[in-house]
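J.: The sequence and its predicted three-dimensional model are supplied below.
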There are 2 protein chains.
Amino acid sequence: MAMKIGELAERAGTSVKTIRYYDRVGVLQPEERSEAGYRLYGDDALERYRFVRAAQAVGLHLGEIRQILALRNRGETPCGYVVELIGRRADELDARIDELVTLRDELRHLTKRAATLDPRRCDPKLVCHVIRQDA
Amino acid sequence: MAMKIGELAERAGTSVKTIRYYDRVGVLQPEERSEAGYRLYGDDALERYRFVRAAQAVGLHLGEIRQILALRNRGETPCGYVVELIGRRADELDARIDELVTLRDELRHLTKRAATLDPRRCDPKLVCHVIRQDA
DNA sequence: CTTGACTCTCCCCTTGAGGGGAGACTTTAG
DNA sequence: CTAAAGTCTCCCCTCAAGGGGAGAGTCAAG
């Protein structure tokens, strides 16, 4: 019934190191330890591992995931908190996307402008006229 | 004429640490060293610093900037290389933006779906039904 | 009983662009 | 001349999610 870390790692398709790390940061802790100190996991460990991965996949940090699991362990339904986190992450993504789009457009613009410039007329005092240093 | 690192940092509006770091990675090296080993910079140092910042601002790493400056120091016009780097960076941004947009849309979708779910009907075996762990 | 496979903890390493601080010199102002 | 300020190198630290390996203990099969 209780599996050791190697079996869990294999069943989860990950490394022993990762499982140990998840224990250390508190997102996937063993049910108990054997007399020799071996981590022993129940069957729900695999499912919990999958949750952690799924939560990571939607952009949550392990610290946040730990909070969610802590709520869960206290018997509360963490859904509200999860929705809040996800909404916040989505807002951050919006902002980040805006930044990246702005930067990308600027780069494309620089590329276009560079095509109209003669490299031989590059100001020797500047490193490269393609990059504007008007700041 | 020759300024020491503190003056350059102040004129550039940055820290002495940063200037030293730029020396170490080879994007802004002093013209010479004083007898006591102090870094001595010429007047073009400020301009070069601004170029480094501008290049960073368009997403180039210091390693790439060093390449550009190396070309420049060999007397070549690095414009072609710069255009190539910028094009590559823009392509990377496109890919990254796609990823982020996909993730954001997924998050928004999760949020909408969560609004239709009853937290009290959260499967006790799952941590939270908002995050799907179908993987 | 022994050997090979697991497992444990502990420590350092990774990326990028620096920041903080120690301890030793050097320069500058009064 | 002295004290303060500036500069030098060297070393560790940051963040995230682990990876690599050492050295020691443990467990299973032959």
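T.: Happy to help now that I have it. Numbering: from 1, shown residues only, chains lettered A, B, ... in the order given.
J.: Mind telling me which residue is nearest the centre of chain A?
T.: residue A:59 (4.9 Å; C-alpha atoms, centre = their mean).
J.: who does the longest helix seen in chain A touch, helix- and strand-wise?
T.: Longest helix of chain A, by residue count under DSSP state H: helix A:79-115. Using 3 or more C-beta pairs under 8 Å, 6 or more residues apart in numbering or on different chains; DSSP states H and E, the elements in contact with helix A:79-115 are helix A:62-73, helix B:79-115. (C-beta placed from N, C-alpha, C; glycine too.)
J.: check contacts around the residue nearest to the centre of chain A.
T.: The contact partners of residue A:59, taken as C-beta atoms under 8 Å, 6 or more residues apart in numbering or on different chains, are A:89, A:93, B:103, B:107.
J.: So which of those residues wins on neighbours?
T.: Ranked by neighbour count (other C-beta atoms under 10 Å in any protein chain shown), the contacts of residue A:59 have residue B:107 at the top, with 23 neighbours.
J.: picking up where we left off before, how about the contacts of residue A:59 in TSV, adding distance to DNA strand D and pLDDT?
T.: Below are the contacts of residue A:59 laid out as TSV (distance: C-beta to the nearest atom of the strand, whole Å; pLDDT from 0 to 100):
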residue	distance to DNA strand D	pLDDT
A:89	12	94
A:93	15	95
B:103	14	95
B:107	16	95
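J.: so which pair among those is furthest apart in space?
T.: The span of the contacts of residue A:59, defined through C-beta to C-beta, is set by A:89 and B:103 at 8.5 Å.
J.: Spell out which residues are contacts of both of these two.
T.: By C-beta under 8 Å, 6+ apart, residue A:89 and residue B:103 have these common neighbours: A:58-59.
J.: which parts of chain A sit against DNA strand D?
T.: Residues of chain A lying near DNA strand D by C-beta under 7 Å from any atom of the strand: A:15, A:17-18, A:21-22, A:25, A:34-38, A:56, A:61-63.
J.: So which of the residues you listed are in strands?
T.: Members of the residues of chain A next to DNA strand D lying in strands (criterion: DSSP state E): none.
J.: which residues touch residue A:100?
T.: B:93, B:96-97, B:100.
J.: Swap in 7 Å and give it another go.
T.: B:93, B:96-97 (C-beta atoms under 7 Å, 6 or more residues apart in numbering or on different chains).
J.: ditto for residue A:87
T.: Applying C-beta under 7 Å, 6+ apart, the residues contacting residue A:87 are residue B:111.
J.: 8 Å instead?
T.: With contact set as C-beta under 8 Å, 6+ apart, residue A:87 has these partners: B:107, B:111.
J.: could you measure it against residue B:122, distance?
T.: Distance of residue A:87 to residue B:122, given as C-beta to C-beta, to the nearest Å: 18 Å.
J.: Buried deepest among the helices and strands packed on helix A:79-115, which one?
T.: When the helices and strands packed on helix A:79-115 are scored by mean count of other C-beta atoms under 10 Å in any protein chain shown, the highest mean neighbour count falls to helix A:62-73 (a mean of 18).
J.: which residues sit against it?
T.: A:22, A:25-27, A:48, A:52, A:55-56, A:60, A:77-78, A:81-82, A:85, B:127-128.
J.: Report the backbone C-alpha coordinates of that helix in PDB.
T.: What follows is helix A:62-73, C-alpha atoms only, in PDB (Å, rounded to 0.1, in the frame of the first residue of the first chain):
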ATOM      1  CA  LEU A  62       4.900  26.100  -5.700                       C
ATOM      2  CA  GLY A  63       4.500  28.600  -2.800                       C
ATOM      3  CA  GLU A  64       1.000  29.400  -4.000                       C
ATOM      4  CA  ILE A  65       0.200  25.800  -4.500                       C
ATOM      5  CA  ARG A  66       1.300  25.200  -0.900                       C
ATOM      6  CA  GLN A  67      -1.200  27.800   0.200                       C
ATOM      7  CA  ILE A  68      -4.000  26.100  -1.700                       C
ATOM      8  CA  LEU A  69      -3.100  22.800  -0.200                       C
ATOM      9  CA  ALA A  70      -2.900  24.200   3.200                       C
ATOM     10  CA  LEU A  71      -6.500  25.500   2.900                       C
ATOM     11  CA  ARG A  72      -7.500  22.200   1.600                       C
ATOM     12  CA  ASN A  73      -5.900  20.500   4.600                       C
END
